[in-house]
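Colleague: Quick check, what structure comes out for this input:
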Amino acid sequence: MTALLSTEGLAKHFAARSRWNAFGGAKSVVRAVDDLSMEIAPSETLALVGESGCGKSTTGRLIMRLIEPSAGRVVFEGKDITKASDSELRRARRRMQMVFQDPRGSLSPRRTILQTVAEPLDANGLIRSPAHRREVVAELLDSVGLSPSVMGRYPHQFSGGQRQRVGIARAIALGPSLIVADEPVSALDVSVQAQIINLMQDLQRQRRLSYLFISHDLAVVRHIADRVAVMYLGRIVEIGPKEEVFRAPHHPYTQALLSAAPGARPNARRSQKRIVLSGDVPSPSAIPPGCSFRTRCPMAQEICARERPLLGAVAPGHSAACHFAQPNPLGRSA
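Modeller: The predicted structure is shown next:
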């Protein structure tokens, strides 16, 4: 099946100055995303997971072309949108939308719900009359579980979960095929998180949506994802079907993440030990040569300092970037 979205060698590097050379010294480079290649199929949910600062949100913004890549390309619905003209990019953005982490911050406090949800429709000239606008917005609100009677209200009059429903209604207004959801439930209570996840799954089935679901919460990812990509310091270190990644993680970083999130693995043994990684995450401006995870890895050997491991198949559809990749189904320390 042809991918709906693919990235090839995608990278984003930022120039930065350290404190000591802030007044004219050489610049250092922050490698926020580096050599990232992945695919999302039609109607699929790919979850992108990892610790804070690993480059997940930057990846989402690169795909949406909210920031320009330093290298690589993004191919959406068969077209390379990294080379798209402004008019071509506008057309592409009708088919790809974003849902943000903070529903309060992503909605203008000065706009009514009617104005907020209708904004992309107005911008694309899809509204014929005020009556048509109300009719379309009413249908969108109903599809996300909100009464059309709330159209005249403002965001501050809603709960966090209701505001996120408004954000989702706005995102689906143009009939997209892909939604980039950047931590869409992390600011919500647990009970509300489940409601929003169920809503997203219902909309996916009804509208044949694909999701890039960015999250640090592995329990949520276990519920919604079809495949999982694990990111560390701007690179994907493991990717594969959700059940395979959760049942038998091959990369030591994935194993550590899962051991620290027992709720994500309900069938794991109670005696499972948490893997505590030594040291701190290196700075993206000073990534170690070779394997970027080696400074914290319990399995690191000499080759890890010399050669950067590439993603290699460890099972059908399942790849890991480790010289010593091996399954660890119980999450025991290596």
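
Colleague: a helix runs through Y253, doesn't it?
Modeller: Yes. Counting by DSSP: H, G, I helix; E, B strand; the rest coil, Y253 is found in a helix.

Colleague: Contact partners for it?
Modeller: Counting by CB atoms under 8 Å, 6 or more residues apart in numbering, Y253 touches 230, 232, 237-238, 277, 293, 297. Any C-beta I mention is one placed from the backbone N, CA and C, and that applies to glycine too.

Colleague: Next: P148.
Modeller: 134, 137-138, 141-142 are the contacts of P148 under CB under 8 Å, 6+ apart.

Colleague: Which strands or helices does the helix or strand of the chain with the lowest mean pLDDT pack on?
Modeller: The weakest-scoring helix or strand in the chain, judged by mean pLDDT, DSSP states H and E, is helix 86-93 (a mean of 90). Contacting helix 86-93 under the criterion 3 or more CB pairs under 8 Å, 6 or more residues apart in numbering; DSSP states H and E is no other helix or strand.

Colleague: Can you mark which positions in that helix are buried?
Modeller: Neighbour-count burial for helix 86-93, counted by 16 or more other CB atoms under 10 Å, picks out 92-93.

Colleague: Check stretch 32-39 too.
Modeller: Neighbour count says stretch 32-39 has 32-36, 38-39 buried, by 16+ other CB under 10 Å.

Colleague: number of nearby residues for I172?
Modeller: Around I172 there are 20 other residues, counting by other CB atoms under 10 Å.

Colleague: So it is in contact with R207, correct?
Modeller: Yes. Judged on CB atoms under 8 Å, I172 makes contact with R207 at a distance of 6.6 Å.

Colleague: Closest one to F76 out of the contacts of P148, please.
Modeller: V137 (26.8 Å; CB to CB).

Colleague: How about the contacts made by the closest one?
Modeller: 113-114, 117-118, 148, 151, 169 are the contacts of V137 under CB under 8 Å, 6+ apart.

Colleague: switch to 10 Å and redo it
Modeller: 112-118, 121, 127, 148, 151, 169-170, 173 (CB atoms under 10 Å, 6 or more residues apart in numbering).

Colleague: Next: V180.
Modeller: 5, 40, 48, 57, 59-64, 66, 96-100, 171, 210-214.

Colleague: Cool, thanks, talk later.
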